[in-house]
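Engineer: return a 3D structure for these sequence lines:
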Amino acid sequence: MVDAIIVKELGKRFNNYHPDRPFTIMEAALSGFRHIMAAERFWALQNITFTVSPGQMLGILGHNGAGKSTLLRLIGGVGKPDKGKVTVNGSIGALLDLGAGFHPDLTGRENAFVSGVVAGLTREEMGRRFDEIVTFAELEPFIDNPVRTYSTGMQMRLAFSVAVHTDPDVMLVDEFLSVGDLRFQAKCLERIAQLKESGCAIVLISHSSEQIEQLCDRALWLQQGQIMAYGEPKVVVAQYVNQMRSQTQQRTSNGSSQVTRSGVQLRMNQNRFGSLEVEITDVLLLPSLEINSGDSLAIDIEYFSPQPIDGLIFSVLISTEDSQVCLETNTTTMGVSVPGIKGKGKIQLHLSRLDLNSGKYFVDVGVYEPNRAYTYDYHLRVYHFLVRSNYSEKGMISPPLRWDVVEGLNFSENNSK
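Structural biologist: Down below sits the predicted model:
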């Protein structure tokens, strides 16, 4: 069997400009002596080698700036390597940037057709698949509105739906499974599984080690543009998590316990970890600690930063009593930039609908340094809420559902046609 993706000794360099140092005379002259800056070359990727077979899913882990998105773009044909080679056998469906390729002034319908044609489908083929695309994206009332009026989640749903309905041989996904509500995430994962079953090779970038371990056949850990580990997901994830935990523990003090304003007790190295260079001072679950399935939930995170730090990353993880992950999201994957402030700050995650089954759920919150190399403050299974549901079905989610009994269908006649 021919591999769908072959990456061999791949390298990519970029320029790092220093405005306080001059170009060479020749470079300065060619630029008209405008914006005189020195360029320092650095390797964003070095000696990257791996393969992905049809029907296989590769997960890529790494801190921000490790080279993950650069690697995915090169596989998708965006940019050229400075060293080595990338070979892709088959058509590509790519979700590299949220809403990438969408024109804000075109409607959802027009953008969907353009994206489908760019992916290699004819207008007739797109016409046949269009209703299915819109239904999957759940955008029927808004499909003829300009995309600039769409929320981040709506853009994601449309982009994902178009990509998975073009029948790609190779699917590239950059953090898209972290966006959207739980119900739509479950639908996306089901569709990804169908593509994989049909022989599609999939490469997924994720900050969620649990997601990589659960979904992928192979895992690759990138750090500073180089492969740190490549192989079985459980092994690679364990190495990645251990390194991050080690860096966090090196910066974690052995301070005494602390009680938040709302009365929650935090104990270092028990339910709280991090350097505390930025502190999470309180977390509120609103409107109540007990909600009905399908209700909204807001998670208020109050924090204190003694110095302004641009690019703080906040995360929220919701899990069951037996530690199964229901949702993991962070500000980076949602495209939220947190401005640096000195003193008290507050950030809120609003979940418009939580279709969870009855039970007790725990909320972890964290704040990380801008490259996510280590943790400033992480609260582990400190906060929790209860969900009530009218259904007693097994499983994690409790979506709106309905059984319809279709009477009078003659199966013998139907099967004979």
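Engineer: ok, so what distance separates residue 130 from residue 166?
Structural biologist: 12 Å (Cβ to Cβ, to the nearest Å). Where C-beta positions appear, they are placed from N, C-alpha and C, glycine not excepted.
Engineer: more crowded one of the two?
Structural biologist: Neighbour count, other Cβ atoms under 10 Å: between residue 130 and residue 166, residue 166 has more, with 22 against 18.
Engineer: tell me which element residue 70 is part of?
Structural biologist: For residue 70, the element it lies in under DSSP states H and E is helix 68-75.
Engineer: to clarify, my last question referred to residue 156.
Structural biologist: Applying DSSP H and E, one finds residue 156 within helix 152-164.
Engineer: check residue 339 too.
Structural biologist: Going by DSSP H and E, residue 339 is not in any helix or strand.
Engineer: what are the contacting residues of the helix holding residue 156?
Structural biologist: 93-95, 98-102, 108, 111-112, 115-116, 119, 133-134, 136-139, 142, 147, 150, 171, 176, 179-181, 184, 188, 191-192, 195, 334-335 (Cβ atoms under 8 Å, 6 or more residues apart in numbering).
Engineer: mind listing what's buried in it?
Structural biologist: Within helix 152-164, the residues that count as buried by 16 or more other Cβ atoms under 10 Å are 153-164.
Engineer: quick check, nearest of those residues to residue 318?
Structural biologist: residue 153 (17.1 Å; Cβ to Cβ).
Engineer: thinking again about what came up before, need the buried ones from the contacts of helix 152-164 selected in ChimeraX.
Structural biologist: Here is the ChimeraX command that selects the buried residues among these (16+ other Cβ under 10 Å):
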select :93,94,95,98,99,102,108,111,112,115,116,119,133,134,136,137,138,139,142,147,150,171,176,179,180,181,184,188,191,192,195,334
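Engineer: the contacts of helix 152-164 in helices, which ones?
Structural biologist: In helices, defined here by DSSP state H, the members of the contacts of helix 152-164 are 108, 111-112, 115-116, 133-134, 136-137, 184, 188, 191-192, 195.
Engineer: rebuild those as a markdown table, extending it with pLDDT.
Structural biologist: A markdown table is the format used below for the ones in helices among the contacts of helix 152-164 (pLDDT from 0 to 100):
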| residue | pLDDT |
| --- | --- |
| 108 | 94 |
| 111 | 93 |
| 112 | 93 |
| 115 | 89 |
| 116 | 89 |
| 133 | 94 |
| 134 | 95 |
| 136 | 93 |
| 137 | 91 |
| 184 | 79 |
| 188 | 84 |
| 191 | 89 |
| 192 | 89 |
| 195 | 92 |
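Engineer: any chance of these in JSON lines with distance to residue 378 as columns?
Structural biologist: Shown next, in JSON lines, are the ones in helices among the contacts of helix 152-164 (distance: Cβ to Cβ, whole Å):
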{"residue": "108", "distance to residue 378": "38"}
{"residue": "111", "distance to residue 378": "39"}
{"residue": "112", "distance to residue 378": "40"}
{"residue": "115", "distance to residue 378": "38"}
{"residue": "116", "distance to residue 378": "42"}
{"residue": "133", "distance to residue 378": "39"}
{"residue": "134", "distance to residue 378": "40"}
{"residue": "136", "distance to residue 378": "36"}
{"residue": "137", "distance to residue 378": "34"}
{"residue": "184", "distance to residue 378": "27"}
{"residue": "188", "distance to residue 378": "27"}
{"residue": "191", "distance to residue 378": "32"}
{"residue": "192", "distance to residue 378": "29"}
{"residue": "195", "distance to residue 378": "34"}
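Engineer: for these, which one is nearest residue 365?
Structural biologist: Once Cβ to Cβ is applied, the member of the ones in helices among the contacts of helix 152-164 that ends up nearest residue 365 is residue 184, at 22.7 Å.
Engineer: the residue lying closest to that closest one once chain neighbours are set aside and residue 49, how far apart?
Structural biologist: Counting by Cβ to Cβ, 6 or more residues apart in numbering, residue 184 lies nearest to residue 157, which is 6.5 Å off, once chain neighbours are set aside. From residue 157 across to residue 49, the span is 35 Å (Cβ to Cβ).
Engineer: likewise residue 285?
Structural biologist: Noted for residue 285: a distance of 46 Å to residue 49, by Cβ to Cβ.
Engineer: quick one, which of the two is more surrounded?
Structural biologist: Just comparing residue 285 and residue 49: by other Cβ under 10 Å the higher neighbour count belongs to residue 285, 18 against 12.
Engineer: was I right to think the more buried one contacts residue 383?
Structural biologist: Yes - applying Cβ atoms under 8 Å as the test, residue 285 and residue 383 come out as touching, 6.2 Å apart.
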